[in-house]
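In: Below is the structure, and that's it, no one-letter string:
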């Protein structure tokens, strides 16, 4: 073998004449390749003026004398250019860019911890071992993320709506809590005791921002409930002249939409809703809490007298299987007065829907008619007990049999219903 394996330095052979020539050639190569410090790697051809011993990395677009020698190390030695082929893993200092370079995958690259370089790593473990399944791992007692100038946001991205983008909290490698977008675009908080059967605790609907508690509430504090529970909150709704920027507490501050009504509806007290205009009721207001008494009155525009207001019950825009109205999942008591209610919907639910619960209903001067194709009723469902009393309830022929679910048509709508066994059919 005439040369060394790595740098290809010439060996002095036995009985070789002029051994100093071979020795000096090896020293010359070592001088060029050991502790490499290049002047530049951006020149596409040799400089006009150059010092002895100067070294350059020839770029990819080399021309002139350097053409065809891309990525070679060019060293000016003994008045001429000498070229050295870099090997995988060679390291050089670039004086021009003040950067450290490594020859990798047939090109020179910066050695740095930039995002570009880290993106190329297949796995990364910080004080732990990463894997193909978990390509980034950190073992530490505390992790810190900060801004670079102003704000900072942590993003968790998923491919599509049906996929999951979430954070799981584990104990001894078993998941017990998960927050994020789990299989849809609603934000949810899920928990499990065994890591297998998960229950939704809190769900925030992506389309409306409404919060629900699918697993119910346990020992829920009555935060925000007035101390005087038998008080009355009067709210004004004017679908024509109201404004949802209002609080609904005065005639001049009437709200406009049913969505706004759901937002401000108090709990734990009597709520009196005064309708100052006719309205198309196409929204379900969900009441998952006991209601002392919900009163809905028809009033004239300036609230000086009772006036029958027209409520047209439409298909719901927020819960597709229901018509507009109230969905009451707890004990709910309702009093309605001076309303012309038309069931103009294709749904088979009720305007006042007692959903597997109980309560009572009183009505005064209510006119009921039906124009829709569905089996919609004024109130009740087949699983609930609703004691009711009606005074001056007028039922149009179109609405016969559509006062309460499970009650057929009859001629005595104003009976006092106190017990299930006493219910007189319509």
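Out: Now that the structure is in, tell me what you want to look at. In this text, all values refer to a predicted model and were calculated from it rather than measured experimentally. Numbering: from 1, shown residues only.

In: and residue 262, that one's in a helix?
Out: Yes: Residue 262: assigned to a helix according to DSSP: H, G, I helix; E, B strand; the rest coil.

In: Is the closest residue to it other than its chain neighbours in a helix, a strand, or coil?
Out: If the residues on either side of it in the chain are set aside, residue 262 comes closest to residue 285, at 4.6 Å by Cβ to Cβ, 6 or more residues apart in numbering. Heads up, the C-betas are built off the backbone N, CA and C, glycines and all. Three-state call for residue 285 (three-state DSSP): strand.

In: beta partners for residue 285?
Out: For residue 285, the beta-bridge partners are residue 326 (DSSP bridges).

In: now it: how far from residue 77?
Out: Applying Cβ to Cβ, to the nearest Å, the value for residue 285 to residue 77 is 88 Å.

In: Tell me which of these two has more neighbours.
Out: residue 285 (19 against 16; other Cβ atoms under 10 Å).

In: surely that one meets residue 263?
Out: No: in this structure residue 285 lies outside contact range of residue 263 using Cβ atoms under 8 Å: 9.8 Å.

In: Measure how far stretch 133-150 is from the centre of its chain, please.
Out: 21 Å (Cα atoms, centre = their mean, to the nearest Å).

In: Let me know the average pLDDT across it.
Out: What stretch 133-150 shows for mean pLDDT is 90.

In: what's the answer for stretch 157-175, then?
Out: For stretch 157-175, mean pLDDT rounds to 94.

In: Where do the helices of the stretch 151-300 of the chain begin and end?
Out: 258-264 (DSSP state H, counting those that start in this stretch).

In: what do you get for the stretch 301-426 of the chain?
Out: Going by DSSP H, counting those that start in this stretch, the stretch 301-426 of the chain shows no helices.

In: so where's it uncertain?
Out: Along the stretch 301-426 of the chain, segments meeting pLDDT under 70 span 356, 382, 406-426.

In: Surely residue 205 touches residue 214?
Out: No: when contacts are counted by Cβ under 8 Å, residue 205 is not listed as touching residue 214 (11.5 Å).

In: More neighbours: the two, which one.
Out: Neighbours per residue, other Cβ under 10 Å: of residue 205 and residue 214, the larger number sits with residue 205, 15 against 11.

In: do you know how far the spatially closest residue to that one that is not a sequence neighbour is from residue 210?
Out: Nearest residue to residue 205, sequence neighbours excluded (Cβ to Cβ, 6+ apart): residue 186, at 5.6 Å. In this structure, residue 186 and residue 210 are 10 Å apart, going by Cβ to Cβ.

In: Look at those two and report which has more neighbours.
Out: For residue 186 versus residue 210, neighbours defined as other Cβ under 10 Å are more numerous around residue 186 (18 against 15).

In: Now do the phi/psi pair for that one.
Out: Note on residue 186: backbone dihedrals following degrees, to the nearest 10 are phi -80, psi 140.

In: Over to the one 10 residues further on?
Out: The main-chain torsion angles of residue 196 are listed as degrees, to the nearest 10 and equal phi -120, psi -60.

In: Now do the contacts for it.
Out: By Cβ atoms under 8 Å, 6 or more residues apart in numbering, the contact set of residue 196 is empty.

In: joint contacts of residue 186 and residue 210?
Out: residue 204.

In: and stretch 262-278, average pLDDT?
Out: pLDDT averaged over stretch 262-278 gives 89.

In: That stretch spans what distance, first to last residue?
Out: Start and end residues of stretch 262-278 are separated by 18 Å (Cα to Cα, to the nearest Å).

In: roughly how far is it from the heart of the chain?
Out: Its chain's C-alpha centre and that of stretch 262-278 lie 31 Å apart, by Cα atoms, centre = their mean.

In: Which positions in it come out as buried?
Out: Going by neighbour count (16 or more other Cβ atoms under 10 Å), the buried part of stretch 262-278 is 262, 265-277.

In: Quick check: the farthest pair among the residues you listed?
Out: 268 and 277 (28.0 Å; Cβ to Cβ).

In: In this structure residue 76 contacts residue 65, no?
Out: No: contact between residue 76 and residue 65 fails when scored by Cβ under 8 Å: they sit 11.5 Å apart.

In: Who has more neighbours out of those two?
Out: residue 76 (19 against 13).

In: before we move on, which element is the more buried one in?
Out: Assigned by DSSP states H and E, residue 76 belongs to strand 73-77.

In: same question for that strand, mean pLDDT?
Out: pLDDT averaged over strand 73-77 gives 86.

In: can you list the residues that contact that strand?
Out: Contact with strand 73-77 is made by 28, 31-33, 36, 38, 46, 50-58, 66, 81-84, 86, 92, as judged by Cβ under 8 Å, 6+ apart.

In: Among these, name the buried ones.
Out: 28, 32-33, 36, 38, 46, 54-58, 66, 81, 84, 86, 92.

In: Surely residue 168 touches residue 175?
Out: Yes: Residue 168 is in contact with residue 175 according to Cβ under 8 Å; the separation is 4.6 Å.

In: For stretch 135-152, measure first residue to last.
Out: With Cα to Cα, one end of stretch 135-152 sits 23 Å from the other.

In: Go through it and flag the buried ones.
Out: Buried residues in stretch 135-152, defined by neighbour count with 16+ other Cβ under 10 Å: none.

In: Break the protein down into its structural domains.
Out: 35-135, 161-217, 232-422 (automatic domain parsing).

In: any chance of the ones you listed in CSV, plus distance to residue 147?
Out: What follows is those, written out as CSV (distance: least, Cβ to Cβ, whole Å):
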stretch, distance to residue 147
domain 35-135, 16
domain 161-217, 20
domain 232-422, 33
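
In: so which of the ones you listed gets nearest residue 150?
Out: domain 35-135 (19.0 Å).

In: From start to finish, how long is that closest one in a straight line?
Out: With Cα to Cα, one end of domain 35-135 sits 35 Å from the other.

In: Let me see the contact set for residue 316.
Out: Per Cβ under 8 Å, 6+ apart, neighbours of residue 316: 282-284, 322-325, 347.

In: How much space separates it from residue 359?
Out: From residue 316 to residue 359 the distance is 21 Å (Cβ to Cβ).

In: Same check on residue 92?
Out: 83 Å.

In: ditto for residue 83
Out: Relative to residue 359, residue 83 is positioned 94 Å away (Cβ to Cβ).

In: Pairing partners for residue 137 in the sheet, please.
Out: Beta bridges link residue 137 to residue 125, judged by DSSP bridges.

In: got the contact list for it?
Out: 124-126, 128-131.

In: rerun that using 7 Å as the cut-off
Out: Neighbour list for residue 137: 125-126, 128-130 [criterion: Cβ atoms under 7 Å, 6 or more residues apart in numbering].
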